[in-house]
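**Q** What follows is a predicted structure for the sequence shown.
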Amino acid sequence: MANTKSALKRAGIAERNRLRNKSYKSAVKTLMKKYVNAVTVYAANPTAELKQEAEARLSETYAKIDKAIKRGVLHPNNGARKKSRLAHRLKPLTQTAE
C-alpha cells in the first residue's frame with residue numbers, strides 16, 4: 001500500500017487510467033466480434049447490402065482502433081496488426097464475388 005501522499009495520488013491515477021484503458025479495449029473487442037459476425041453472414045449469403053454492412057462495421061472498428069492508438073491504450077503495431085487481420089477476413093470474399 002502507498003505510504004506517501006504523492007504515491008496515493010499516483011495509485012488513484014493509475015486505477016483511473018486502467019479503467020479507461022479497459023473500456024477502450026473492451027469496445028475494440030466488441031466491435032471486432034460484430035465485424036466478424038457481419039463477415040460470416042456475408043460469406044454465407046453474398047449480397048450488396050450485407051457487403052455494405054460488413055464494410056460499415058470495418059470502418060467503425062478501424063475508427064475505434066485508431067482512437068485507442070491515439071490515446072495510448074494500444075501500441076501502434078498492435079493496432080496495425082488488428083486492422084490487418086480484420087481486412088484479411090473480408091478481402092477474399094469480395095474478390096471472388098466480383
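**A** Yes, it's here. This structure is a prediction, so every number in the text was calculated from the model and none was measured.

**Q** Could you find the closest non-adjacent residue to the residue most central in space within the chain?
**A** Compute the mean C-alpha point of the chain, and by Cα atoms, centre = their mean the closest residue is residue 28, 2.9 Å away. Nearest residue to residue 28 in three dimensions, chain neighbours excluded: residue 64, at 5.4 Å (Cβ to Cβ, 6 or more residues apart in numbering). Glycine gets a C-beta too; all of them are placed from N, C-alpha and C.

**Q** Contacts only, for the one you found.
**A** Residue 64 makes contacts with 24, 27, 28, 31, as judged by Cβ atoms under 8 Å, 6 or more residues apart in numbering.

**Q** And the furthest pair within the residues you listed?
**A** The most widely separated members of those, counting by Cβ to Cβ, are 24 and 31 (10.8 Å).

**Q** what's the weakest-modelled helix or strand in the protein?
**A** Lowest mean confidence among the helices and strands of the chain (mean pLDDT, DSSP states H and E): helix 76-97, at a mean of 90.

**Q** So which elements touch that helix?
**A** Counting contacts by 3 or more Cβ pairs under 8 Å, 6 or more residues apart in numbering; DSSP states H and E, helix 76-97 packs against helix 5-44, helix 48-71.

**Q** Pull out the buried positions in it.
**A** 79, 82, 83, 86, 89, 90 (16 or more other Cβ atoms under 10 Å).

**Q** so that helix versus helix 48-71, what angle?
**A** Relative orientation of helix 76-97 and helix 48-71, computed by axes from the mean of the first three to the mean of the last three Cα atoms, to 10 degrees: 170 degrees.
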